[in-house]
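Student: Sharing a model that was predicted from the sequence below.
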Amino acid sequence: MSLTNKILLGMVLGTIVGLLFNVLGGDTPSKDGLSQWLQVFVFDGLFDAIGKIFIASLKMLVVPLVFVSLVCGAAALGGQSRMGALAGKTLGLYVCCTTIAVALSITCAVLVQPGANVDLPTASNFTAPEIPSIKDTLIDIVPSNPLQSMVDANMLQIIIFSLLFGFAISRVGGDVTGNMIVFFNNLNDVIIRMVMMLMQLAPYGVFCLLAKLFASLGFSVIVDLAKYFFTVVFVLFLHGIGFYGALIKILSGLSPVVFFKKMQKVMLFAFSTASSNATIPITLRTVEHDLGVDNKVASFSIPLGATVNMDGTAIMQGVATVFIAQAYNIDIGIAGYLMVILTATLASIGTAGVPGVGLVTLTMVLQSVGLPVEGIALIIGVDRLLDMIRTGVNVAGDAVVAVIVAKSEKMLDIARYNNESLNAENDPV
Ligand code: ASP
């Protein structure tokens, strides 16, 4: 069985086991005997531990992989002047896609009216967090201590340091450049081997994560918020499959079907972990190995995308803003919607690729159009599930841009892209 199918099986079984427990034993008032034992030792004990160990093991590789891979890419690119064009195209596409994502989500939400006739809670338990200023955010991109950046897994700082480091390697010249490139390429092979080893554990990790999650998820909130929930899910699918598929076809002439087939496992990882960051090792490996994107493009665009490109998050923020405006009966008007497009694009850039942050940066969007941030309390209940689905869209968006940029820069191995028998998890480096 292929890894993708194994992960899928783990996901389905985990969901069934969790749901069964949720329905049959999880909510019984007298949680005694077997039900209590299962809750404490199996769902909150064993499954929780294995799921957390799985996510930690993925995160363990993120910083070393991004650093080493990016140094390899920048060192190889150093001699050429392509870096500027590559970075420009990547960032430009990221911003365009996100802007379209928000516009699409606002349009759908305005048509569906998910927030009409919503009962507002009398007391709200959501307090707005502090949002750093744009000036502080810009200053923060340059690391004052690169080791600290690595300790904190601050992706933008790591990207800046690695790019400079790789570029400097290419500039030293002579034996030093050659030896360092060989050294980093070897190191890269070792870390990729670690990624491949961990990928084999994914079906079990995914099973445990989903069983634990569904065992305790309250489904009644989804019924209450069905219109909001399904509007977000609909736009996520529309953008994640329809828009991305069309974009790949139109801008690169490649088959979207092949793209989605190969990206399946990455999206399943993203779905189960709800974290673009934790998924970086799998995204990077799949984009390079299965889709044939050159390391020089992938090592830059994937970690950057996992940090700044969040179309799925922006979609949730677009629908949520319209929903909250309707729930509070506030008309933000056309100018308000345009403002939402701008701020949701910025907010998604500022959203870190970890679970639940999109909801926090939503405060920025709401404040920009004068909506009450307490409105977030209305949607918090269904956000975990939406977070999982939107993270799948977030990582797919990063890969779409990597493929398009690589194709346009002639850094895509088209034969590899079309070869459907490639297996990132099995092939030797
Ligand atoms: N969980 C999302 C991600 O990691 C971010 C968010 O929308 O909260 O991509």
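Tutor: Everything's here; your move. Computed from a prediction, not measured in an experiment: that's the story for all the values here.

Student: packing partners for the helix or strand where L236 lies?
Tutor: Assigned by DSSP states H and E, L236 belongs to helix 226-237. In terms of contact count using 3 or more CB pairs under 8 Å, 6 or more residues apart in numbering; DSSP states H and E, helix 226-237 is assigned the packing partners helix 82-112, helix 311-327, helix 383-408. C-betas here are computed from N, CA, C, even on glycine.

Student: so where's the stretch 101-250 of the chain uncertain?
Tutor: By pLDDT under 70, the weakly predicted segments of the stretch 101-250 of the chain are 119-132.

Student: what's the closest non-adjacent residue to whichever residue of the stretch 51-200 of the chain sits closest to the ligand?
Tutor: Minimum separation of the stretch 51-200 of the chain from the ligand (CB to the nearest ligand atom) falls at M155, amounting to 11.3 Å. Among residues not flanking M155 along the chain, T307 sits closest, at 4.2 Å (CB to CB, 6 or more residues apart in numbering).

Student: Is that neighbour in contact with A352, as I believe?
Tutor: Yes: in this structure, T307 is within contact of A352 by CB atoms under 8 Å, at 7.1 Å.

Student: list the contacts for N394?
Tutor: Taking CB atoms under 8 Å, 6 or more residues apart in numbering, we find N394 in contact with A270, S276, A306, N309, M310, D311, G312, T313, G353.

Student: likewise E425?
Tutor: Going by CB under 8 Å, 6+ apart, E425 touches L3, M196, M199, Q200, K265.

Student: Can you give me the separation between it and the ligand?
Tutor: 22 Å (CB to the nearest ligand atom, to the nearest Å).

Student: V401 now?
Tutor: 15 Å.

Student: What is the burial count for the residue nearest to L359 when sequence neighbours are not counted?
Tutor: The spatial neighbour of L359 that comes closest, neighbours along the chain excluded (CB to CB, 6+ apart), is D383 at 5.4 Å. The local packing of D383 (other CB atoms under 10 Å) involves 23 other residues.

Student: residues in contact with D383?
Tutor: Residues in contact with D383, defined by CB under 8 Å, 6+ apart, are M316, G356, L359.

Student: Can you tell me which of the residues you listed are classed as buried?
Tutor: Buried subset of the contacts of D383 (neighbour count, 16 or more other CB atoms under 10 Å): M316, L359.

Student: what residues are up against the residue of the chain with the smallest separation from the ligand?
Tutor: Ranking the residues of the chain by distance to the ligand (CB to the nearest ligand atom) places G358 first, at 2.7 Å. Listed by CB under 8 Å, 6+ apart, the contact partners of G358 are M310, T313, M316, Q317, A347, S348, T351, D387, R390.

Student: Can you add pLDDT and distance to I250 and give those residues back as JSON lines?
Tutor: Formatted as JSON lines, those follow (pLDDT from 0 to 100; distance: CB to CB, whole Å):
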{"residue": "M310", "pLDDT": "95", "distance to I250": "22"}
{"residue": "T313", "pLDDT": "96", "distance to I250": "24"}
{"residue": "M316", "pLDDT": "97", "distance to I250": "26"}
{"residue": "Q317", "pLDDT": "97", "distance to I250": "26"}
{"residue": "A347", "pLDDT": "88", "distance to I250": "28"}
{"residue": "S348", "pLDDT": "87", "distance to I250": "23"}
{"residue": "T351", "pLDDT": "83", "distance to I250": "27"}
{"residue": "D387", "pLDDT": "96", "distance to I250": "30"}
{"residue": "R390", "pLDDT": "97", "distance to I250": "24"}
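
Student: nearest to S149, of the helices and strands packed on helix 226-237?
Tutor: Minimum separation from S149 across the helices and strands packed on helix 226-237 (CB to CB) falls at helix 82-112, 19.1 Å.

Student: list the buried ones in that closest one?
Tutor: Those would be 83, 86, 89-91, 93-95, 97-106, 108-109, 112, for helix 82-112 by 16+ other CB under 10 Å.

Student: Would you mind naming what in the protein lies close to the ligand?
Tutor: Where the chain comes near the ligand, counting by CB under 6 Å from any ligand atom, the residues are 274-276, 310, 313, 351, 353-358, 387, 390-391, 394.

Student: Drop anything exposed from the residues you listed.
Tutor: The neighbour count (16+ other CB under 10 Å) marks 274-276, 310, 313, 351, 353-355, 357-358, 387, 390-391, 394 as buried among those.

Student: Under the pLDDT cut-off, which ranges of the stretch 251-400 of the chain? List them.
Tutor: Counting by pLDDT under 70, the stretch 251-400 of the chain contains no low-confidence range.

Student: what residues are up against the closest residue to V232 other than its chain neighbours?
Tutor: The spatial neighbour of V232 that comes closest, neighbours along the chain excluded (CB to CB, 6+ apart), is V319 at 4.9 Å. Listed by CB under 8 Å, 6+ apart, the contact set of V319 reads S105, I106, C108, A109, P114, Y228, T231, V232, V235.

Student: Which pair in the residues you listed has the greatest spatial separation?
Tutor: Farthest-apart pair in those is I106 and Y228; separation 13.7 Å (CB to CB).

Student: before we move on, the earlier item: quick one: closest of the helices and strands packed on helix 226-237 to L38.
Tutor: Of all the helices and strands packed on helix 226-237, it is helix 383-408 that lies closest to L38, at 21.3 Å by CB to CB.

Student: Quick check: next helix or strand after that closest one?
Tutor: On the C-terminal side of helix 383-408, the nearest following helix or strand under DSSP H and E is helix 414-418.

Student: hmm, who's touching that next one?
Tutor: Contacts with helix 414-418, where a contact means CB under 8 Å, 6+ apart, come from L254, S255, V258, D290, L291, G292, V403, K407, L422.
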